[in-house]
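J.: Sequence unavailable; structure follows:
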């Protein structure tokens, strides 16, 4: 005996153009048709619903009792919808139509249906009824969008990482020169000194922007420590009060006597808070109130957007609220998109909120946003709180940034090999460290560096090596250095992260890492540490 699905039976009845068979199927075999997952609806050519199966009830929310006998245009389709007009025209003209329709349920929820329409013709040859078989593909379309979104973010991340690497190479000599010139030019007038200060401040802003791009491109790769949120919140409030217009009233409210501790990257959480505060400031051009709030919370099932595995977990909830212009509903779903901004050209990069989400996601937290046009906006961050037995994470390679007097970091005539394909970087690095009693030789590519090291390895004390030179494989270059002298000491300079470089397992050859652009103090301290 042939076994066919109920949907196939309905389609076969259509193919036979037997109206009596179709109506008999819908009336006497409704139990069978109620078993299918497809929404099956039969309606007359005048639009009156004649059959409505159980899946149609589940998909669209109207019971069969409420749907049958009513005009389908009164509750399911919109006469002015161009997709409906295409579907009905093709069905009447060709006898069938297939496509996607976006429909609203009884509760107002949007449903995407893969819809198939079939024309039922009477024995007289006149159109009699239309049979529709709809498959709910809402979840499938959502997953498809998420996949495409993730793929696009991956491509943007790769592009951003490449741009950031080039920008770091550009910024490295600029940062070094701004710190070197005051040492070389002792008698600068006040105006020139102010110009150098301006250059230094803008170099710092450039470094911070590149750091944001890299955070977006790579996610969180900083060192996590045990963080007391009160200190971060107080610092963010203090910065906002000192730098924001006086027309903005900034306040801090802690709901608990002692907030739970977090395992977090302090610098990145600081960046999250400042990004949100700056967004709040920009949303209040005529002044208003900026409120930073925090509380301990254990999530219950009453939370409306509870993520997976969050039920019952302890979080520190941090809210940054403003009384500004709010967010238009039409762009609410776009605010975390990278490079999306509603600000004027030149006043926003569109990276702030995407970086906020990247950092929060990588701290295993999540964000809730509430906004009303002209009624203000609230960004509420949920960050997992530490359990009593939590321990401090650590990273494999750490950068050095200790304060101290630069003269104490001077060398004693050691010879340093500088390897970088950028002439400006070689020149500035050479001039900088020579100003602190080191000697230097330089190479513009890996082959030249290997030849120099083969001739002078007995004298060269350390190598400053650019990790991403064109035409060179850093792993092969480091291996050849090691074959010449197993005790070689290499300091890697790169726009890549320390974790990305350590993942290549260079062993003991790489003694330290300098993230471009770095300060003179970072450079001198790293050299002193490696040489000692």
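T.: Yep, that arrived. Quick caveat: nothing in here was measured; it's all calculated off a predicted structure. Numbering: from 1, shown residues only.

J.: where do the strands sit along the stretch 251-400 of the chain?
T.: Shown for the stretch 251-400 of the chain, the strands assigned by DSSP state E, counting those that start in this stretch span residues 262-264, 288-298, 314-322, 366-372, 376-384.

J.: Which secondary structure state does residue 250 sit in?
T.: Of the three states, residue 250 takes strand under DSSP: H, G, I helix; E, B strand; the rest coil.

J.: do you know how far it is from residue 288?
T.: 10 Å (CB to CB, to the nearest Å). In short, each C-beta sits where N, CA and C put it, glycine included.

J.: try residue 444
T.: Taking CB to CB, one finds residue 444 at 55 Å from residue 288.

J.: Domain-wise, how is this protein divided?
T.: Following automatic domain parsing, one finds the domains of the chain at 6-136, 142-218, 225-384, 406-531.

J.: sorry, back to before: let me know which of the strands of the stretch 251-400 of the chain is tucked in deepest.
T.: Among the strands of the stretch 251-400 of the chain, strand 262-264 has the highest mean neighbour count (mean count of other CB atoms under 10 Å), at a mean of 24.

J.: So which bits of stretch 513-532 are buried?
T.: Residues 513-528, 530-531 are the ones in stretch 513-532 that count as buried (16 or more other CB atoms under 10 Å).

J.: Which members of the residues you listed occur in strands, if any?
T.: Judged by DSSP state E, strands contain the following of those: 513, 514, 515.

J.: Let me have those in CSV, adding distance to residue 200 as columns.
T.: Below are these laid out as CSV (distance: CB to CB, whole Å):
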residue, distance to residue 200
513, 24
514, 19
515, 18
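
J.: Out of these, the closest to residue 427 would be?
T.: residue 514 (17.1 Å; CB to CB).

J.: Look at the closest one and report its pLDDT.
T.: We have a pLDDT of 84 for residue 514.

J.: next one: residue 369
T.: pLDDT for residue 369: 90.

J.: residue contacts, the residue lying closest to it once chain neighbours are set aside?
T.: In space, and not counting its chain neighbours, residue 369 is closest to residue 379: 5.8 Å by CB to CB, 6 or more residues apart in numbering. Neighbouring residues of residue 379 by CB atoms under 8 Å, 6 or more residues apart in numbering: 276, 279, 319, 320, 321, 356, 367, 368, 369.

J.: gap between the third one and residue 429?
T.: From residue 319 across to residue 429, the span is 45 Å (CB to CB).

J.: repeat for the first one
T.: Taking CB to CB as the measure, residue 276 falls 37 Å from residue 429.

J.: my guess is residue 47 meets residue 69, correct?
T.: No. The pair residue 47 and residue 69 does not pass the contact test of CB atoms under 8 Å, sitting 11.2 Å apart.

J.: Mind checking which of those two has more residues around it?
T.: Higher neighbour count among residue 47 and residue 69: residue 47, with 15 against 10, using other CB atoms under 10 Å.

J.: Find the nearest non-adjacent residue to the more buried one, please.
T.: Computed as CB to CB, 6+ apart, the closest residue to residue 47 that is not its neighbour in sequence is residue 71, at 4.8 Å.

J.: just residue 60 next, same as before
T.: Leaving aside its chain neighbours, residue 60 sits nearest to residue 105 (5.2 Å; criterion: CB to CB, 6+ apart).

J.: Can you get me a residue count around the one you found?
T.: 15.

J.: cool, and residue 458?
T.: For residue 458, using other CB under 10 Å, the count is 7.

J.: swap in the one 10 residues further on?
T.: Other residues near residue 468 come to 19 when the count uses other CB under 10 Å.

J.: Let me know the helix or strand that it is in.
T.: Using DSSP states H and E, residue 468 sits in no helix or strand.

J.: go on, residue 413?
T.: Using DSSP H and E, no helix or strand contains residue 413.

J.: Next: residue 452.
T.: Element membership for residue 452, per DSSP H and E: helix 446-456.

J.: Need the residues that contact stretch 129-138.
T.: Contacts of stretch 129-138 (CB under 8 Å, 6+ apart): 7, 10-11, 14, 19, 22, 37-45, 50, 56, 59, 88, 91, 100-101, 110-120.

J.: nope, stretch 243-256 is what I was after
T.: Under the criterion CB under 8 Å, 6+ apart, residues 230, 233-234, 237, 240-241, 277, 281, 284, 286-296 lie in contact with stretch 243-256.

J.: in the stretch 151-300 of the chain, which spans are helices?
T.: All helices of the stretch 151-300 of the chain, identified by DSSP state H, counting those that start in this stretch, fall at 190-218, 229-243, 266-282.

J.: Please identify the most buried of those.
T.: For those, the largest average neighbour count (mean count of other CB under 10 Å) is found in helix 266-282, namely a mean of 20.

J.: Okay, now stretch 282-290: how far is its last residue from its first?
T.: End-to-end distance for stretch 282-290: 11 Å, by CA to CA, to the nearest Å.

J.: now do stretch 60-69
T.: 16 Å.

J.: now that stretch: mean pLDDT?
T.: If you average the pLDDT over stretch 60-69, you get 92.

J.: Next: stretch 421-433.
T.: Mean predicted lDDT for stretch 421-433 stands at 87.

J.: got the contact list for the nearest residue to residue 77 once chain neighbours are set aside?
T.: The shortest distance from residue 77 to any non-neighbouring residue, by CB to CB, 6+ apart, is to residue 84 (4.8 Å). For residue 84, the contact set (CB under 8 Å, 6+ apart) comprises 77, 78, 101.

J.: pLDDT score assigned to residue 89?
T.: On the pLDDT scale, residue 89 is placed at 93.

J.: That one and residue 41: what is the separation?
T.: Counting by CB to CB - residue 89 and residue 41 are separated by 19 Å.

J.: More neighbours: which of these two?
T.: Higher neighbour count among residue 89 and residue 41: residue 41, with 27 against 11, using other CB under 10 Å.

J.: Which pLDDT value belongs to the more buried one?
T.: With respect to pLDDT, residue 41 scores 92.

J.: In the sheet, which strands lie alongside the helix or strand hosting it, parallel or antiparallel?
T.: Assigning secondary structure by DSSP H and E places residue 41 in strand 39-44. Take DSSP bridges as the rule and strand 39-44 pairs in its sheet with strand 49-52 (antiparallel), strand 127-136 (antiparallel).

J.: gap between whatever helix or strand comes next after the shortest one and the chain center?
T.: To tie it back to what came earlier, the one meant is strand 49-52. Counting by DSSP H and E, the element after strand 49-52 in chain order, helix or strand, is helix 54-60. In terms of CA atoms, centre = their mean, to the nearest Å, the centre of helix 54-60 is set 37 Å apart from its chain centre.
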